[in-house]
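Trainee: all I have is the shape, not the residue letters:
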């Protein structure tokens, strides 16, 4: 609709919140303002689309000792205009413990190819056309219902970790 989703969500959150501070950033994860703002968080919910972004959150989590809930959604096209598979995962990353990289949620080859896409687009396209880059997910469609279900699961996981109702 021509608006950043983070801005739309921030507006709704501010309208219904109990005074929490909301800062909507439309920058990338490697932007200095993004790093500064994220480094001051108590907890981070990561909803990024790339392995590079997830790797950044892994590093940030461990460097600044901030827990991260990584929310990942996967849609597999059937080649006929439909979706053959749809799933999501929530990974809780606790500083000093396992990472998305060590859990094989992300991989170094994909991180490098995504970084190349932005640092040297011409070389990225050359490698892609020559099949040197394998398994790179190009822009994938987002489906609001599965994204909402994944976000809800992440919030329930967060609540379960800060309240003792599971015990």
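Mentor: The structure has been received and is ready for your questions. The model shown is predicted, which means the values in this text are computed figures rather than measured ones. Residues are numbered from 1 along each chain as shown.

Trainee: buried sites along stretch 80-93?
Mentor: Under the neighbour-count criterion of 16 or more other Cβ atoms under 10 Å, stretch 80-93 has 88, 90-91, 93 buried. Backbone N, C-alpha and C define where each C-beta goes, glycine included.

Trainee: would you format those as CSV with distance to residue 18 included?
Mentor: Output for the buried residues of stretch 80-93, formatted as CSV (distance: Cβ to Cβ, whole Å):
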residue, distance to residue 18
88, 27
90, 24
91, 27
93, 26
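
Trainee: show only the entries of these found in strands.
Mentor: 88, 90-91, 93 (DSSP state E).

Trainee: so which of these is the closest to residue 158?
Mentor: Among these, residue 90 lies closest to residue 158 (Cβ to Cβ), at 9.3 Å.

Trainee: for that closest one, list the residues it contacts.
Mentor: The contact partners of residue 90, taken as Cβ atoms under 8 Å, 6 or more residues apart in numbering, are 69-72, 150, 153-154, 157.

Trainee: let's see 7 Å
Mentor: 69, 71, 150, 153-154, 157 (Cβ atoms under 7 Å, 6 or more residues apart in numbering).

Trainee: buried ones among the residues you listed?
Mentor: Of the contacts of residue 90, these count as buried by 16+ other Cβ under 10 Å: 69, 71, 150, 154.

Trainee: among these, which ones are in helices?
Mentor: Judged by DSSP state H, these include 150, 154 as members of helices.

Trainee: closest to residue 120 out of the buried ones among the contacts of residue 90?
Mentor: Closest to residue 120, out of all of these and judged by Cβ to Cβ, is residue 71, at 29.6 Å.

Trainee: all helices of this structure, in order?
Mentor: 5-16, 32-38, 51-64, 108-119, 121-129, 144-162.

Trainee: no further questions, thank you.
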